[in-house]
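Trainee: Fold the following.
(chains A and B)
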Amino acid sequence: AQTIHQWPVAEIKAVGSPLSLGCTIKGKSSPNLYWYWQATGGTLQQLFYSITVGQVESVVQLNLSASRPKDDQFILSTEKLLLSHSGFYLCAWSLANTEVFFGKGTRLTVV
Amino acid sequence: GQQVQQSPASLVLQEGENAELQCNFSTSLNSMQWFYQRPGGSLVSLFYNPSGTKHSGRLTSTTVIKERRSSLHISSSQTTDSGTYLCALDLDTNAYKVIFGKGTHLHVLP
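Mentor: Numbers count the residues shown, from 1 in each chain, chains lettered A, B, ... in the order given. Just a heads-up that it's a prediction; the model follows:
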């Protein structure tokens, strides 16, 4: 069975500090991977997608970057957090044109 | 314009009443999913339904591609159904984009 694991579950970080959020998918080879973000009370927005190792496409610019160092790993990061980065981050995977499966998410509070 | 529109934005029901939630989209699509979003933010997948009708307990999802709409029907609502329901579409743009609606906030009163 496929599993998707996100870490950490929650973070409280200072403005200007670096951030790294991670996501690992087990049990499925070469999935499409996605990062989503939701501001409090807002709509879930897709930030990045990746269809293969080493290749990441940006969908929405939020002064964040993403990388896919391994087939089963997706990393979201920034060197300097902004207050506007606060919110809920979700990682997801799918195969082409099929159901999308989501992790449990990371709640980020920037203070 | 918006590619995905959910309606109503919010809905208040008495327990036992039925609810009909709508999701309308502006282009053809590859896939359609309905989710329940927990208060903490995590998503519960309700249906993967790119076309036709699917049932799960008191829930029914119907997607009509040529009318560019999908609905989620909740029968005999319960207070535990309260929360936010989201539709998510993989639009047929070959762009690997899955777009969420703004959601319907359902409140079921005892």
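
Trainee: contacts and neighbour counts: CA atoms only from here.
Mentor: Will do.

Trainee: Which helix or which strand is home to the residue nearest to the spatial centre of chain A?
Mentor: The residue lying closest to the centre of chain A (Cα atoms, centre = their mean) is A:Trp35, at 3.4 Å. Per DSSP states H and E, A:Trp35 falls inside strand A:32-38.

Trainee: Skip ahead from that strand and say which helix or strand is next.
Mentor: As assigned by DSSP H and E, the chain's next helix or strand after strand A:32-38 is strand A:45-52.

Trainee: Tell me the buried residues in the helix or strand following that next one?
Mentor: Using DSSP H and E, the helix or strand that follows strand A:45-52 in sequence is strand A:55-58. Buried residues in strand A:55-58, counted by 16 or more other Cα atoms under 10 Å in any protein chain shown: A:Val56, A:Glu57, A:Ser58.

Trainee: quick one, what contacts the second one?
Mentor: What it means is A:Glu57. A:Phe48, A:Tyr49, A:Ser50 (Cα atoms under 8 Å, 6 or more residues apart in numbering or on different chains).

Trainee: just the residues you listed now: which is nearest chain B?
Mentor: A:Tyr49 (7.0 Å; Cα to the nearest Cα).

Trainee: Would you quantify the distance from the nearest residue to A:Val100 once chain neighbours are set aside to A:Lys80?
Mentor: In space, and not counting its chain neighbours, A:Val100 is closest to A:Ser94: 4.7 Å by Cα to Cα, 6 or more residues apart in numbering or on different chains. Per Cα to Cα, to the nearest Å, A:Ser94 is found 30 Å from A:Lys80.

Trainee: which parts of chain A sit against chain B?
Mentor: Contact residues (Cα under 8 Å from any Cα of the partner chain) of chain A with chain B: A:42-46, A:49, A:88, A:97-99, A:102-105.

Trainee: Could you rerun that using 7 Å?
Mentor: Contact residues (Cα under 7 Å from any Cα of the partner chain) of chain A with chain B: A:Thr43, A:Leu44, A:Phe88, A:Asn97, A:Thr98, A:Glu99, A:Lys104, A:Gly105.

Trainee: Local confidence estimate at B:Ser7?
Mentor: Here, the pLDDT recorded for B:Ser7 equals 97.
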